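>>> How does the following fold in three dimensions:
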Amino acid sequence: MQTVFTTEACAIAGLSLDRNYKKYTLSIKVGTYYTFDYSEISNQVHYHDSYEMVIVISGRGTFIYNKQNKVLSKGDIFISEPYIEHEIHIDPTETLTLLYFFISIEEKSAGVSQTFEEKLIEGFIHQHHNILQNQYQIVAYLSFFDRYTQNPKFKNNIWFYKMLENMILNCLELLTISGHNQTLLVGKLETNLFERALDYIDQNLGKKLSAEIIAQEICTSRRNLYVLFRKNLNKTVHDYISEKKISLAEHYLILNLSVTEAANSVGIESLSYFNKLFRKYKGMSPREYVKDVIPNKEGYGRRHVKTD
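Purely as a prediction, here's the structure:
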């Protein structure tokens, strides 16, 4: 499907955006569509006090940077660093239409990057490409902006600016050298898998659970699941499940369920095994807990069985 947008007017032209990501502040100014043709074949050697990121909308030309000539064509993204001289020029028989962005990154603290955005920006600063070819998915954002603003009431609302922010972060991520980029993406993927595993366990404590079942549900290997739990919790999957089940069983006992009912409610059919686990995590048997601990608890809204 061909991306459709108009070069007559740019929906995001002239917009500015400031975003704080704890460690970094990202400031963005959007230029507008600019066309080189026979009347202006070069913008001469120059530099900026910020990053200048450019998307090639159409045509062909050359980007001269660090004494190297890079051929430009539709879908390419290129970026120059602050105070580094560069030039764009074309053959007089060609045309070249571009969209400019000026990006300033300020480091506010020297702490460890924690959020996805902080890590992304840190990776970009550390090492990035100056040009990437055929990034048509980025050009597709422009089609979205044109269509989204056909109704004037949607222009400049919070979602419009959020999409602009996403577009810039997407570009920075693409430009980041693959080693740093892949480390970031793998870290994010691992976090998502781990969170999905925890969510699945929380939602299925009343059922029989095992590492094999969980791994199958979240589409990973049992070995990888073991690694994720050891890395994030320093526990085995089995220990985490058992601990969560006993905590829930404790809650059921407080609500005045019998020991057998509590065991069945957390997916443990063997009463002897339930007693063993309960003693391991609570230091006493379930019956001892009901007899000695629960009477001293207050405010839990226990369920009382009416007796005549």
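
>>> Low-confidence stretches in the stretch 101-250 of the chain?
Low-confidence segments of the stretch 101-250 of the chain (pLDDT under 70): 178-191.

>>> how about the helices of it, start to end?
Ranges of helices in the stretch 101-250 of the chain, per DSSP state H, counting those that start in this stretch, are 116-126, 136-148, 158-175, 178-203, 211-217, 222-233, 237-254.

>>> In a markdown table: those, plus mean neighbour count and distance to residue 289.
To be clear about C-beta, it is placed using only N, CA and C from the backbone, and glycine gets the same treatment. Shown next, in a markdown table, are the helices of the stretch 101-250 of the chain (neighbours: other Cβ atoms under 10 Å; distance: least, Cβ to Cβ, whole Å):
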| stretch | mean neighbour count | distance to residue 289 |
| --- | --- | --- |
| helix 116-126 | 20 | 43 |
| helix 136-148 | 16 | 58 |
| helix 158-175 | 17 | 50 |
| helix 178-203 | 15 | 23 |
| helix 211-217 | 16 | 28 |
| helix 222-233 | 15 | 25 |
| helix 237-254 | 19 | 6 |
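
>>> if we compare the ones you listed, which one ends up closest to residue 290?
Set against residue 290 and scored by Cβ to Cβ, those come closest in helix 237-254, at 5.7 Å.

>>> Show me what the closest one is packed against.
Applying 3 or more Cβ pairs under 8 Å, 6 or more residues apart in numbering; DSSP states H and E, one finds that helix 237-254 contacts helix 178-203, helix 211-217, helix 222-233, helix 259-265, helix 271-282.

>>> Neighbouring strands of the longest strand anywhere in the chain in the sheet, and parallel or not?
For the chain, the longest strand by residue count, based on DSSP state E, is strand 51-65. Strand 51-65 has the following sheet partners, assigned by DSSP bridges: strand 68-73 (antiparallel), strand 77-80 (antiparallel), strand 86-89 (antiparallel), strand 96-107 (antiparallel).
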